[in-house]
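**Q** Quick one, what's the 3D model for this:
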Amino acid sequence: MRASAIVCALALGLLSSTSAEAAPASNFETRCESAANAAAGSAGARFRTQGNRWRIDNSLSYRTLTRMKRPHVAHGWVLGLTHTESHVTVQVDGELLQDSQAGLECVLPRVAVTLTYEPIVVYIGREFAPGTCAYRELLAHEMRHLKAYLDALPKVEQTVREKLAPRLDGRAVVARSGQARPMLQREIDGAWLPLIRAEMQGIERRQAAIDSPQEYARLSKVCQGEVQSLIGSTRHPRS
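**A** Predicted coordinates for the structure are as follows:
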C-alpha cells in the first residue's frame, strides 16, 4: 500500500583554489597534513536528513491508487497508498593546495550528504469516507508505512555516517595535478552512492514486509465487511 522511487543526485562543487610555492614533494605533503589538521573542524563529512513533511489525500479512487502501485497487475485492489520519493544529494567543496613544480595537488574536502523524502503523501481511496470504520482502519495501516519512513531515515543517516565519515575526517587527498577532482568523483560514485542507495532500498524492503498476506487478509475482513461491501458497490462505475 505504498510506493516510492529513489533518486540519487551528485552535486560536486570543487574547489576554491590557492597556489603554493614550488617545494619538494615531502614538504608539500607535510604542508597538506598541517593544513588538514588546522581544518579539522570544517573539513570532513556532514550528514543531515529531511523527511517531516507529509499530508493526507482523499481525492483519488482506489482504482487510481491501484494503477499507481500496480500498473501491470490485473487483479487485487490498492485501497490506500503511501507515496514518496527519496533523494540523496552529495555536495563537495573545499580548499585546493597546488605545487606546480612537483606536479601535485592536495584537497581538503568538505562533503555534505543530505537524505530526504519529499513529498510524503498518504492516499486513502475516496470511496472510504473520513470517520468511517473502514477509513480509520486503512489510515492506521498507512500510518505504519509513514512511521516506518520517518523512523528509518535517521537510522540510514547513522549507518552512512559511521561507514563514511572516517574516510574524510580531516584527511587530505593528495593526487597528481588535475586528478584530485576525478579521484573524489570516482570514490563518491563508486563507493559512497552505492552504499547510500543500498541503505535507502533497505527501507523499501521493510515497507514491503508491512504489506504481508496476513495484513491484507485482516483488512479485507475489518469493520464487519464494510471494506468488501464498498468495493463491491463500486465495481462497475468508472473511476
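**Q** Give me the phi and psi for Leu104.
**A** According to degrees, to the nearest 10, the main-chain angles of Leu104 amount to phi -120, psi 160.
**Q** Quick check: bridge partners of it?
**A** With DSSP bridges as the criterion, Leu104 is bridged to Asp99, Arg176.
**Q** Could you list the low-pLDDT ranges of the chain?
**A** 1-26, 39-43, 51-52, 71-75, 168-170, 232-239 (pLDDT under 70).
**Q** So which residues of the protein form strands?
**A** Along the chain, the stretches classed as strands by DSSP state E are 2-12, 16-20, 44-50, 54-57, 80-99, 104-117, 120-124, 173-176.
**Q** got the buried residues for the third one?
**A** The neighbour-count check on strand 44-50 (16 or more other CB atoms under 10 Å) flags Gly44, Ala45, Phe47, Thr49 as buried. In this view, the C-beta of every residue, glycine as well, is placed from N, C-alpha and C.
**Q** re the thing from before, could I get the strands of the chain as a markdown table with distance to Val222?
**A** Shown next, in a markdown table, are the strands of the chain (distance: least, CB to CB, whole Å):
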| stretch | distance to Val222 |
| --- | --- |
| strand 2-12 | 19 |
| strand 16-20 | 60 |
| strand 44-50 | 34 |
| strand 54-57 | 19 |
| strand 80-99 | 12 |
| strand 104-117 | 28 |
| strand 120-124 | 14 |
| strand 173-176 | 58 |
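**Q** right, so of the ones you listed, which gets closest to Ile210?
**A** Among the strands of the chain, strand 2-12 comes nearest to Ile210, with 7.8 Å by CB to CB.
**Q** My guess is Cys223 contacts Ala134. True?
**A** Yes: the pair Cys223 and Ala134 passes the contact test of CB atoms under 8 Å, sitting 5.0 Å apart.
**Q** Return the member of the buried residues of strand 44-50 nearest to Arg110.
**A** Distance to Arg110, by CB to CB, is smallest for Gly44 among those, at 6.9 Å.
**Q** quick one: the closest one and Arg161 touch, right?
**A** No: taking CB under 8 Å as the definition, Gly44 is not a contact partner of Arg161, at 10.8 Å.
**Q** orientation of the longest helix seen in the chain relative to strand 104-117 in degrees?
**A** Of all the segments assigned as helix in the chain under DSSP state H, the longest by residue count is helix 133-164. What separates the directions of helix 133-164 and strand 104-117 is an angle of 170 degrees, with axes from the mean of the first three to the mean of the last three CA atoms, to 10 degrees.
**Q** Near Arg67, how many other residues are there?
**A** Per other CB atoms under 10 Å, the neighbour tally for Arg67 reads 15.
**Q** let me redo that: Glu142
**A** Around Glu142 sit 20 other residues, with neighbours defined as other CB under 10 Å.
**Q** circling back: and Cys223 and Ala134? Which one has more around it.
**A** The residue with the greater number of neighbours, taking Cys223 and Ala134 and applying other CB under 10 Å, is Ala134; the counts read 24 against 18.
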